[in-house]
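Participant: After the sequence you'll find the predicted model.
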Amino acid sequence: MNKILLSSIVMGLLGLFFALILSYASKKFAIKEDPRLKEVINALPGANCGTCGHASCEAFAKAVIEGKADYNGCKVGREKVAKKIKVILNKKDL
């Protein structure tokens, strides 16, 4: 058998083998994110001012989702944003 053909077949099989391993690993070790996080981030004004006590609006949103911060902690958005976040938190999609 031709050496080039044999080496091409071996490389193809190795590629398939490692592709299957990577596919399995990506599903096994996937990090699940709360779908409400993006909704809360979109409800926030995006000022990243830090008056809520967090470094950014995203950090505040994560803290709210995890229950480490109160939903009405955004000083810039005030009641309007607090009402939106409260509605989002009451969704039970998980």
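Facilitator: Right, received. Where do you want to start?

Participant: Could you list the residues in contact with stretch 47-57?
Facilitator: Outside of stretch 47-57, the residues within contact range by CB atoms under 8 Å, 6 or more residues apart in numbering are 41, 44-46, 60, 63, 69, 73-76. In short, each C-beta sits where N, CA and C put it, glycine included.

Participant: Next, count neighbours for Ile4.
Facilitator: Neighbour count for Ile4, taken as other CB atoms under 10 Å: 8.

Participant: Do I have it right that Val76 meets Ala43?
Facilitator: No: between Val76 and Ala43 there is no contact under CB atoms under 8 Å: 12.0 Å.

Participant: quick one: which of these two has more around it?
Facilitator: Ala43 (22 against 14).

Participant: And that one, how far from Lys86?
Facilitator: Separation of Ala43 from Lys86 (CB to CB, to the nearest Å): 10 Å.

Participant: can you check Leu20 too?
Facilitator: 45 Å.

Participant: Same question for Glu58.
Facilitator: 19 Å.

Participant: Also Lys38?
Facilitator: 17 Å.

Participant: what do you get for Leu44?
Facilitator: 13 Å.

Participant: And for Glu39?
Facilitator: From Glu39 to Lys86 the distance is 12 Å (CB to CB).

Participant: More neighbours: the two, which one.
Facilitator: Shown here are Glu39 and Lys86; by other CB under 10 Å, Glu39 has more neighbours (18 against 13).

Participant: which non-adjacent residue is nearest the more buried one?
Facilitator: Ile88 (4.7 Å; CB to CB, 6 or more residues apart in numbering).

Participant: any idea which element that neighbour lies in?
Facilitator: Assigned by DSSP states H and E, Ile88 belongs to helix 78-89.

Participant: Helices of this protein, residue ranges please.
Facilitator: Under the criterion DSSP state H, the chain contains helices at 3-28, 36-43, 57-66, 78-89.

Participant: and those as TSV, adding mean pLDDT and distance to Thr51?
Facilitator: Output for the helices of the chain, formatted as TSV (pLDDT from 0 to 100; distance: least, CB to CB, whole Å):
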stretch	mean pLDDT	distance to Thr51
helix 3-28	96	39
helix 36-43	90	16
helix 57-66	91	10
helix 78-89	90	11
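
Participant: Cheers, nothing more for now.
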